[in-house]
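K.L.:
next input, structure requested:
(one chain, ligands or ions: 1)
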Amino acid sequence: MNEQENTTEKKVSSLQSTTVLAKNKKEIYSVTGNELLGSIPLMTKKEVEAAMNEASLQQKTWAKVEVYKRAQVLHAWADELLKNKEELAVTISKEVGKGISSAQKEVDRTADLIRYTAEEGVRLHGDMMKGDAFPGGTTDKIAMIGREPLGVVLAISPFNYPVNLAASKVAPALITGNAVVFKPATQGSLSGLLMIKALLNTNLPKGVVQAVTGKGSEIGDFLVTHPKVNMISFTGGTATGQAIAEKAKMIPLVLELGGKDPAIVLEDADLDLTAKNIVGGAFSYSGQRCTAIKRVLVQEEVADALTLKIKEQIEALSIGTPEEDADITALIDEQSADFVQSLIDDALSKGASLVTGNKREENLIYPTLLDHVTADMDLAWEEPFGPVLPIIRVKNETEAVELANASEYGLQASIFTKNVEKAMKLGAELEVGSVQLNAKTERGPDHFPFIGVKNSGLGVQGVRRSIESMTRDKVFVLNF
Ligand code: G3H
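P.N.:
The predicted structure is shown next:
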């Protein structure tokens, strides 16, 4: 065994929280530069079974630990993350190709999220109800309603926020007395495992959190159909989310899936503010965010002026590597870049006009703006998860709302106008979880409810809502 293999071996053993060490491993390379970053165990079903059993066993004890002590563990976890911020940020940046300052922000944001979750969790109180005179009812009853953990939470995180979107599932599960089986996306798993390593450096009892890694084809279905899983929290693509929902049957689910968030721009909008928010919303992390602005629905009267402003801002974006902290970096893999390119090609072949971009170097797609995109083009409906933005010109607000709602997705929408009353009225018509007034679409702050409707998801996240989703009511009735 050479020195590098030896180091990797040690890294893997120290990260794995199960007692079983997988024999097979997968090497993980950086998105750009092809640098070997480490390797992850390719666990078998038998190894996952052991992890699941251990989590289920340990959960019973963890649920009895006082909530303030569980909160202490979370605070210690946040401290550990910040202590290791640079290592974590560099790993995130290389592993998922994210600009280094965004990766650093992801660590800070995660520490805040964990602390807020700890504080919110200690204030999770029950309720009490007096009986009342329903037919056959009586007032001689009191219901005492407490919150109980669900048991084992299966947390499946995506590549794009390998630390933040993992912790946003693990932290609420832990504070409420659940155990966690954590399955990170393969590209992103080194970052996720480092995050878990920080958690294992606290007083968290051994075995409460289990990290499982491996091929979806080997352990994916086994995990989501495992009888010891009591709740699944998944963030990722819509097709995978739908497949999980079909297999999970009666297991409670929270799913955060795809989006096609529109920016609706009315004729009275402040176009400078609008262009700035649209470019920030559409192109940060090269568009690889479920909440990215993925289409502009603009009233014809201001379409030319807005397009020009967006073009100028796009052309000021830096293009390069995560290490250079560039705004636009290579996409996560070749398949993703091919897909984005196919959407651009389809739109251009059907008559869209290229405003800027449409240049590709391997998996790096230059930020691309297409005007005169119409409903017959795939780009009007598909989620690219990459740096391409279609401008769809509309006659009026009614057409904007119709097009917005014609999408299979319903995550968020932005409305840009100076007329707040009109925005509220339009917003009420939109089939989405959140409407942003005069700002870009985004999930945070992380304690806000975050909801996807239609094919964008199921259930609600956001610190308080995540806590609620991982607990259930338990009623004791006192009869007197
Ligand atoms: O990709 C999905 C994330 O939930 C988006 O989060 O709006 O903070 O980038 P974000």
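K.L.:
hmm, the top helix by length along the chain in reach of the ligand?
P.N.:
Taking DSSP state H as the assignment, the helix of the chain that covers the most residues is helix 100-121. No. Judged by CB under 6 Å from any ligand atom, helix 100-121 stays clear of the ligand, getting no closer than 8.0 Å. C-beta here means a position set from N, CA and C on the backbone, and glycine is covered the same way.
K.L.:
from the contact counts, what lies against that helix?
P.N.:
Counting contacts by 3 or more CB pairs under 8 Å, 6 or more residues apart in numbering; DSSP states H and E, helix 100-121 is packed against helix 67-83, helix 85-96, helix 164-175, helix 463-469.
K.L.:
which of these sits most buried?
P.N.:
Ranked by mean neighbour count, the helices and strands packed on helix 100-121 are led by helix 164-175 with a mean of 29 (mean count of other CB atoms under 10 Å).
K.L.:
one step back: between the helices and strands packed on helix 100-121, which one is nearest to the ligand?
P.N.:
helix 164-175 (6.1 Å; CB to the nearest ligand atom).
K.L.:
is the helix or strand where residue 296 lies up against the ligand anywhere?
P.N.:
Take DSSP states H and E as the rule and residue 296 turns out to sit in strand 293-299. No. Judged by CB under 6 Å from any ligand atom, strand 293-299 and the ligand are separated, with a smallest distance of 10.5 Å.
K.L.:
picking that back up, can I get the helices and strands packed on helix 100-121 in CSV with mean pLDDT and distance to the ligand?
P.N.:
As requested, the helices and strands packed on helix 100-121 are arranged in CSV below (pLDDT from 0 to 100; distance: least, CB to the nearest ligand atom, whole Å):
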stretch, mean pLDDT, distance to the ligand
helix 67-83, 98, 17
helix 85-96, 98, 12
helix 164-175, 98, 6
helix 463-469, 98, 12
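K.L.:
now the ones you listed in CSV, with distance to residue 371?
P.N.:
Converted to CSV, the helices and strands packed on helix 100-121 look like this (distance: least, CB to CB, whole Å):
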stretch, distance to residue 371
helix 67-83, 43
helix 85-96, 31
helix 164-175, 33
helix 463-469, 38
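K.L.:
smallest gap between the stretch 1-150 of the chain and the ligand, at which residue?
P.N.:
Counting by CB to the nearest ligand atom, the stretch 1-150 of the chain gets nearest the ligand through residue 109, at 8.0 Å.
K.L.:
who are the contact partners of that residue?
P.N.:
164, 444, 446 (CB atoms under 8 Å, 6 or more residues apart in numbering).
K.L.:
picking that back up, name the helices or strands packed onto the strand holding residue 296?
P.N.:
strand 261-265, helix 271-283, helix 300-315, strand 388-394, helix 397-405.
K.L.:
to residue 77, which of the ones you listed lies closest?
P.N.:
helix 271-283 (30.3 Å; CB to CB).
K.L.:
what helices or strands is that closest one leaning on?
P.N.:
Secondary elements touching helix 271-283 (3+ CB pairs under 8 Å, 6+ apart): strand 261-265, strand 293-299, helix 300-315, strand 388-394, strand 412-416.
K.L.:
tell me which of those sits nearest to residue 401.
P.N.:
strand 261-265 (7.6 Å).
K.L.:
that older thread, closest to residue 55 out of the helices and strands packed on helix 100-121?
P.N.:
Across the helices and strands packed on helix 100-121, closest to residue 55 is helix 164-175 (CB to CB), at 10.5 Å.
K.L.:
following element in sequence after that closest one, please.
P.N.:
strand 179-184.
K.L.:
now do the following helix or strand past that next one against strand 179-184, angle only.
P.N.:
Using DSSP H and E, the helix or strand that follows strand 179-184 towards the C-terminus is helix 189-200. Between helix 189-200 and strand 179-184, the angle comes out at 150 degrees (axes from the mean of the first three to the mean of the last three CA atoms, to 10 degrees).
K.L.:
the next helix or strand along the chain from helix 189-200 pairs with which strands, parallel or anti?
P.N.:
Next in sequence after helix 189-200, counting helices and strands by DSSP H and E, comes strand 209-211. The strands that strand 209-211 pairs with in its sheet are strand 179-184 (parallel) (by DSSP bridges).
K.L.:
could you export the strand it pairs with as PDB, CA atoms only?
P.N.:
What follows is strand 179-184, C-alpha atoms only, in PDB (Å, rounded to 0.1, in the frame of the first residue of the first chain):
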ATOM      1  CA  ALA A 179     -31.400   8.600  15.100                       C
ATOM      2  CA  VAL A 180     -30.100   9.300  11.600                       C
ATOM      3  CA  VAL A 181     -28.900   7.200   8.700                       C
ATOM      4  CA  PHE A 182     -27.200   9.600   6.400                       C
ATOM      5  CA  LYS A 183     -26.700   8.900   2.700                       C
ATOM      6  CA  PRO A 184     -24.800  11.700   0.900                       C
END
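K.L.:
which residue packs closest to residue 214, ignoring adjacent ones?
P.N.:
Computed as CB to CB, 6 or more residues apart in numbering, the closest residue to residue 214 that is not its neighbour in sequence is residue 43, at 4.2 Å.
K.L.:
what helix or strand is the one you found on?
P.N.:
Using DSSP H and E, no helix or strand contains residue 43.
K.L.:
equivalent analysis for the one 4 residues further on, please.
P.N.:
Under the criterion DSSP H and E, the helix or strand holding residue 47 is helix 45-62.
K.L.:
for that helix, buried residues please.
P.N.:
Using 16 or more other CB atoms under 10 Å as the test for burial, helix 45-62 gives 47-56, 58-59, 62.
K.L.:
what about that helix, average pLDDT?
P.N.:
For helix 45-62, mean pLDDT is 98.
K.L.:
so which other helices or strands are in contact with it?
P.N.:
Helices and strands touching helix 45-62, by 3+ CB pairs under 8 Å, 6+ apart, are strand 152-157, strand 179-184, strand 209-211, helix 221-224.
K.L.:
so which of those gets nearest the ligand?
P.N.:
Of all the helices and strands packed on helix 45-62, strand 152-157 comes closest under CB to the nearest ligand atom, at 10.4 Å.
K.L.:
that closest one packs against which elements?
P.N.:
Checked by 3+ CB pairs under 8 Å, 6+ apart, strand 152-157 has helix 45-62, helix 164-175, strand 179-184, helix 221-224, strand 231-235 packed alongside it.
K.L.:
can you give me the angle the longest one makes with helix 164-175?
P.N.:
Just to be clear, that refers to helix 45-62. 50 degrees.
K.L.:
can you list contacts of helix 45-62?
P.N.:
With CB under 8 Å, 6+ apart, helix 45-62 has contacts from 17-20, 22, 41, 43, 70, 149, 151-152, 174, 177-181, 205-212, 214, 218-219, 222-223, 226, 228-229.
K.L.:
same question, stretch 456-468
P.N.:
113, 116-117, 120-121, 124, 168-169, 172, 175-176, 233, 238, 241, 245, 252-259, 290, 409-411, 432-433, 446-452, 469.
K.L.:
same deal with stretch 400-408?
P.N.:
238, 260, 262, 264, 266, 297, 299, 375, 380-381, 392, 394, 413, 426, 429-432, 454-455.
K.L.:
same thing with stretch 327-336?
P.N.:
Here stretch 327-336 has contacts from 31-32, 96-99, 159-160, 187, 283-284, 286, 288, 317-322, 337, 340, 362-367, 385-387, using CB under 8 Å, 6+ apart.
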